[in-house]
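J.: Here is my input, please return the structure:
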Amino acid sequence: MITPENTGESFIHSSAVVSPSAKIGKNVIIGANCVIGDEVEIGDGSNIGPNAVIAKWTTIGKDCRIYQFASVGETPQDLKFKGERSYTFIGDRTVIREGATIHRATGEENETRVGNDCLLMAYIHVAHNCILGNHVIMSNLASCAGHAIVEDRVVIGGMAGVHQFVKIGRNAMVGGMSKLVQDVVPYTIVDGHPAKVVGLNSVGISRAGIPLEARRNIKKAYKILYRSGLSLAEAIAVIEQEVDSCEEVEHFLRFLRNAERGICRERRDFEEKES
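T.: Here you go, the predicted structure:
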């Protein structure tokens, strides 16, 4: 790997094709046979590996690493797309591994967005109009269909498939090869085909630095939602009354109120084993 000197100068390989309208920051590396499209912006310190394609109207943040053969910002695989101007935004310090594909949005002036400090492993796919938060990990061959929303600190296992418009709540974990057709409640672990809840993501919650008292509140809210036999609306009402308010519980409740596709339910055999 080429390492630039800390002089502010960028290195662009002689075989790379870079649009005259692209804006290249300081200490950027652009490897062999890369294609950098019109009106692309690449932030300071980012490293674009050989044969990568950064298509037009894409913004790459600072200190990102994009590996060989990745394609970022290409036109969406969407029959509704008619060539309109739309965007792709990649946050700071995000790593995009070999062969990954991230497509720009459908709809005039709309966007696909990936946050800061994400790790998107080899051959993942992020479709048009998806929104990924910060510190998201997508393992090899995982895919998000159009308009999916993935909140902060979510981990998606290898070969998992996320249906269009599905939302995955913060600090959730998705098992490998899972099929997601309903929203994943924050702080939970889901697995299966279709995916079902198999418990709280206790390790992920702890690593995220959530205070102990808030973790206890999350656990209490989880048990009301999944173990009380109440409907979703009834569970929301009981959580509001019986669980101490904190930012994490308020987010839990907001997510439930806005779950338009319904939520992943607890796996029955797991529920019986735990009860």
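
J.: what are the ranges of the helices in this structure?
T.: Ranges of helices within the chain are 202-207, 212-227, 232-242, 247-257, 268-274, based on DSSP state H.

J.: Compare the mean pLDDT across these and name the weakest.
T.: Lowest mean pLDDT within those: helix 268-274, a mean of 58.

J.: follow-up on the earlier one: Thr188 is nearest to which of the helices of the chain?
T.: Closest approach to Thr188 among the helices of the chain (Cβ to Cβ): helix 212-227, 7.2 Å. Bear in mind the C-beta positions are built from the backbone N, C-alpha and C, glycine included.

J.: on that earlier part again, now tabulate the helices of the chain in JSON lines and tack on mean neighbour count.
T.: As requested, the helices of the chain are arranged in JSON lines below (neighbours: other Cβ atoms under 10 Å):
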{"stretch": "helix 202-207", "mean neighbour count": "15"}
{"stretch": "helix 212-227", "mean neighbour count": "17"}
{"stretch": "helix 232-242", "mean neighbour count": "14"}
{"stretch": "helix 247-257", "mean neighbour count": "17"}
{"stretch": "helix 268-274", "mean neighbour count": "11"}
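
J.: give me every residue that touches Asp44.
T.: Remark: with contacts taken as Cβ atoms under 8 Å, 6 or more residues apart in numbering, Asp44 is in contact with Gly25, Lys26, Asn27, Val28, Lys62, Asp63.

J.: out of these, who has the most neighbours?
T.: Using other Cβ atoms under 10 Å as the neighbour criterion, Val28 leads those with 22 neighbours.

J.: out of everything not next to it in sequence, what's closest to that residue?
T.: The shortest distance from Val28 to any residue that is not its chain neighbour, by Cβ to Cβ, 6 or more residues apart in numbering, is 4.0 Å, and that residue is Ser10.

J.: Show the pLDDT at the one you found.
T.: According to the model's per-residue confidence, Ser10 sits at a pLDDT of 95.

J.: I figured it hits Gly31, correct?
T.: No: the pair Ser10 / Gly31 is not scored as a contact, 11.8 Å apart, by Cβ atoms under 8 Å.

J.: and the helices of the chain as a markdown table, adding distance to His128?
T.: Conversion of those to a markdown table gives the following (distance: least, Cβ to Cβ, whole Å):
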| stretch | distance to His128 |
| --- | --- |
| helix 202-207 | 28 |
| helix 212-227 | 32 |
| helix 232-242 | 29 |
| helix 247-257 | 23 |
| helix 268-274 | 35 |
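
J.: between those, which gets nearest to Thr106?
T.: Nearest to Thr106 among the helices of the chain is helix 247-257; the distance by Cβ to Cβ comes to 25.0 Å.
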